[in-house]
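1. Let's see this in three dimensions:
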Amino acid sequence: MAYPEAASAIGVSMASADVKVRIRKEKAQRKDSEKTSMLVADVSGEFDLVCSAAPEGGEDLNVVFPIEYEDESQPTSVRFDVAVDGKRASHVERDTWSVTDEHNRPRIQRGYAWRLSGLKGGQKRRISVRYSIVLPQNQGKADFIYFLRSGARWDGPIGREVVNVTADKGLRMEILSPTSLTPEQGSDTSITWGITNAKPAEDIRLAIVSGAKP
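-> From the prediction side, this is the model:
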């Protein structure tokens, strides 16, 4: 879920968002020839934006997409692609920026930035994001975070956003947050959240655990 700098100034709102996440295991080959198992999160998102107040000649907007906090365990590998209206975005770069987390603490986020050009009043744009990350593990457990709160920085509430997370066979998920948003559908291998006409106040954070529930 991408979010901009000063989107409210030119009236850019998020009409809808559809995000799908798959958590899976993947074999990794170490240098000592020992095969290990990685946990990988594959994320895909479709975000429909509406611009209401940009000047007639058009306006540019800096857009960023958060992947992680700088002070937490870093993914060992990231692949990230973004398209605007079906065309691959240019000049997509790794970046960092300052935010306030859900506990009102200053934090640094890492992610990707690009330029959304030529926004005009009444125009609709679609941003398609695809990325895969290898999640750091600690004693067979890993954390996954999707920054749902970033969508609150668009102008006005999000019209409708659905986030579905599934885990492959042999994995299960435990919800760490959000605590105030009840899933529309949920099990330890598939969870779906939905928000309508709202600004999300919490991020999605999951613990990924191997094996059946004790």
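2. secondary structure class for Ala152?
-> Taking DSSP: H, G, I helix; E, B strand; the rest coil as the rule, one finds Ala152 in the helix state.
3. So for the helix or strand hosting Val165, what gets flagged as buried?
-> Under the criterion of DSSP states H and E, Val165 resides in strand 158-167. Judged by neighbour count using 16 or more other CB atoms under 10 Å, the buried positions of strand 158-167 are Ile158, Gly159, Arg160, Glu161, Val163, Asn164, Val165, Thr166, Ala167. (C-beta placed from N, C-alpha, C; glycine too.)
4. Which residues does Val129 form beta bridges with?
-> Applying DSSP bridges to Val129 yields these beta-bridge partners: Gly45, Val82.
5. so how far is Ile158 from it?
-> Val129 is 15 Å from Ile158, where distance means CB to CB, to the nearest Å.
6. rewinding a little: most widely separated two among the buried residues of strand 158-167?
-> Taking every pair in those and measuring CB to CB, the maximum separation is 28.2 Å, between Gly159 and Ala167.
7. which non-adjacent residue is nearest the residue nearest the centre of the chain?
-> In the chain, the residue lying closest to the centroid (CA atoms, centre = their mean) is Tyr146, at 4.4 Å. Excluding the flanking residues, the one nearest Tyr146 by CB to CB, 6 or more residues apart in numbering is Ile204, at 4.3 Å.
8. Counting neighbours, what do you get for that neighbour?
-> As a burial measure, the neighbour count of Ile204 was computed by other CB atoms under 10 Å and equals 23.
9. before we move on, what about Lys20?
-> Using other CB under 10 Å, Lys20 has 15 neighbouring residues.
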